[in-house]
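A.B. asks: Sequence first, predicted model second:
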Amino acid sequence: MSCCELCANPHPNEIWRGGGFYVIDASSESFPAYLRVVSERHVADMSDLTEDERRVLWALLMCLERAMKETLRADKLNWAQFGNMVPHLHWHLTARWRDDAYYPDSPWGSPKRAVPADVTAERLARKERLVAVLPALLDAALKQA
Ligand SMILES: [Zn+2]
């Protein structure tokens, strides 16, 4: 489907690909550790995946949650899957801190506070360290799936 942005050219912030999925770094100043796991196949819902694809996806999501919690020292990990705007299966994984701009609302809520620049910079630096180790961790998770 040429009209689907997730089926189009590789994303510039793709950090890993395997097992029918790819992982994008979608982090920003507001969300310094925000990853997306995207199906390579243009399907809309979890029930459109095969059993094998669902097993792989679960292994990848669990790997990412564990790695994000350990590396980022976040207070919470948020998972979300909508596909309303782009009906191509993708999961959002967002690290959350009690003092982040939107906490406790979802990342799609309203900002409640400003986060000091040094705090954001430190979280972005931890995210960069995470991104550096993720390919090896995801390779291992895929082998065990
Ligand atoms: Zn697509």
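C.D. replies: Everything's here; your move.
A.B. asks: Assign Ala95 to helix, strand or coil.
C.D. replies: Here Ala95 is recorded as strand under DSSP: H, G, I helix; E, B strand; the rest coil.
A.B. asks: Check the one 5 residues further on too.
C.D. replies: For Asp100, the assignment made with three-state DSSP gives coil.
A.B. asks: so it touches Val115, yeah?
C.D. replies: Yes: Asp100 is in contact with Val115 according to Cβ atoms under 8 Å; the separation is 6.2 Å. The way it works is simple: take the backbone N, C-alpha and C, and place the C-beta from them, glycine included.
A.B. asks: quick one, which of the two is more surrounded?
C.D. replies: The residue with more neighbours, out of Asp100 and Val115, is Asp100; 26 against 18, by other Cβ atoms under 10 Å.
A.B. asks: show me the contacts for the more buried one.
C.D. replies: Ser30, Phe31, Val115 (Cβ atoms under 8 Å, 6 or more residues apart in numbering).
A.B. asks: roughly how far apart are the last one and Met68?
C.D. replies: Here the distance between Val115 and Met68 works out to 18 Å (Cβ to Cβ, to the nearest Å).
A.B. asks: Figure out the helix or strand that Val23 lives in.
C.D. replies: Taking DSSP states H and E as the definition, one finds Val23 inside strand 21-25.
A.B. asks: tell me, which of the contacts of Asp100 make contact with the ion?
C.D. replies: Among those, none lies close to the ion by the criterion of Cβ under 5 Å from the ion.
A.B. asks: Do a quick rundown of the helices in the protein.
C.D. replies: Ranges of helices in the chain, per DSSP state H, are 51-72, 117-144.
A.B. asks: Give me the contact list for the first one.
C.D. replies: Around helix 51-72, the neighbours that count as contacts under Cβ under 8 Å, 6+ apart are 19-21, 23, 33, 35, 37, 39, 41, 46, 49, 74, 77, 79, 91, 93, 95, 123, 126-127, 129-130, 133-134, 137-138, 140-142, 144-145.
A.B. asks: Mind doing that once more with 6 Å?
C.D. replies: Contact with helix 51-72 is made by 19-21, 33, 37, 77, 93, 95, 126, 130, 137-138, 141, 145, as judged by Cβ atoms under 6 Å, 6 or more residues apart in numbering.
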